[in-house]
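**Q** Any chance you can model this:
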Amino acid sequence: MTLVAVNGIQLNISDSGTPAGKPGAPVLVMGHGLLFSTTMWRHQIETLRSTYRCIAVDWRGQGATPPPDDGYDMDTLAADLISLIEHLGVGPVHYAGLSMGGFVGQRVAARRPDLVRSLILLDTSSGPEDPEKISRYRLLAAIYGLFGMKPLVGQVAPIMFTPEFIATPGGTATVRTWVRELKPNNRRGIKQAIRGVTDRLPIADELGTITAPTLVIVGASDVATPVAKAETIVAGIAGSQLVVIPDVGHVSTLEAPAAVTALMTEFLAAHA
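**A** A predicted model of the protein is given here:
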């Protein structure tokens with residue numbers, strides 16, 4: 001755990017450090033999805049750390065980042081990320097963000113293009129939360145605040161992963177690890193983070209200002225941010241490319257780690 005003082009808070013990061021023998025190695029910053037943490041990127045970091053300095057971020061109130069009293073909206077998280085990149089003096093960086101991490105990444109790439117060398121957006125959206133989902137997610141947040149994740153696993157896991165994956169031994173182990181890692185989190189912080197996602201403002205009208213080379217990845221079976229959401233992003237960012245991974249759900253970094261890592265490796269090499 002490494003806490004860094006940025007933007008008035010303590011932000012936890014996982015930093016692989018500069019690869020041995022590569023003092024000028026480029027930096028890859030990664031932002032996780034809601035209810036996850038830096039460990040969501042463990043498979044990608046294992047491969048990419050030999051070429052890139054990999055820095056994964058825990059958003060406010062999640063992972064090992066302490067929950068502040070306020071500031072869980074996406075604009076504030078974008079300010080946290082900007083402050084971190086500037087504090088570390090590593091910009092411009094390659095940035096990869098899944099879902100919530102993508103909400104943040106789009107804002108930073110649009111508003112601070114000088115800090116983003118390339119952009120990888122996974123299973124995310126440029127719009128607000130779907131109205132028909134908001135009340136359900138708010139209810140889940142309220143239940144989580146009272147009882148934690150245990151009574152919600154059966155409802156939330158199928159949002160994150162495909163039922164077919166969950167039924168496999170590897171999927172069962174992944175869900176078990178996810179729940180175990182989430183358990184120590186402060187419930188108030190997680191509840192506020194959920195509200196930050198459900199109440200987020202759209203960023204679609206700023207996509208045209210993004211100039212960084214952009215790769216958009218989405219699981220074909222993603223029910224949280226379906227393929228149509230990814231297509232909207234690609235339509236808004238000039239020159240961006242879309243890859244749809246068959247039979248994969250929302251948290252593609254864990255459900256299809258080899259496919260995601262291969263796509264990231266190829267794209268990053270092309271824009272290094």
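
**Q** can you pull out the helices in the stretch 51-200 of the chain?
**A** Under the criterion DSSP state H, counting those that start in this stretch, the stretch 51-200 of the chain contains helices at 74-88, 100-111, 131-147, 153-160, 163-166, 169-182, 187-198.

**Q** what's the closest non-adjacent residue to residue 191?
**A** Once flanking residues are discounted, residue 191 sits nearest to residue 145: 4.1 Å by C-beta to C-beta, 6 or more residues apart in numbering. In short, each C-beta sits where N, CA and C put it, glycine included.

**Q** still on that earlier bit, Serialize the helices of the stretch 51-200 of the chain to CSV and add fields for mean neighbour count, mean pLDDT and distance to residue 26.
**A** Output for these, formatted as CSV (neighbours: other C-beta atoms under 10 Å; pLDDT from 0 to 100; distance: least, C-beta to C-beta, whole Å):
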stretch, mean neighbour count, mean pLDDT, distance to residue 26
helix 74-88, 20, 98, 13
helix 100-111, 27, 98, 16
helix 131-147, 14, 84, 36
helix 153-160, 17, 92, 30
helix 163-166, 17, 98, 32
helix 169-182, 15, 95, 28
helix 187-198, 20, 92, 29
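
**Q** out of the ones you listed, which comes closest to residue 256?
**A** Closest to residue 256 of those, according to C-beta to C-beta: helix 163-166, at 8.7 Å.

**Q** which residues sit against the closest one?
**A** The set of residues external to helix 163-166 that reach it, using C-beta atoms under 8 Å, 6 or more residues apart in numbering, is 157-158, 171-172, 174-175, 247-249, 255.

**Q** for stretch 248-261, same thing?
**A** Contacts for stretch 248-261 (C-beta under 8 Å, 6+ apart): 33, 36, 40-41, 43-44, 47-48, 98-99, 122-123, 159-162, 165, 171, 174, 178, 217-225, 245.

**Q** Those, buried ones only, as a ChimeraX selection?
**A** Only the buried entries of the contacts of stretch 248-261 go into this ChimeraX selection, using 16 or more other C-beta atoms under 10 Å:
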select :33,36,40,41,43,44,47,48,98,99,122,123,159,160,161,162,165,171,174,178,217,218,219,221,222,224,225,245
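
**Q** Just the ones in strands from the contacts of stretch 248-261, please.
**A** Residues of the contacts of stretch 248-261 located in strands (DSSP state E): 98, 122, 217-219, 245.
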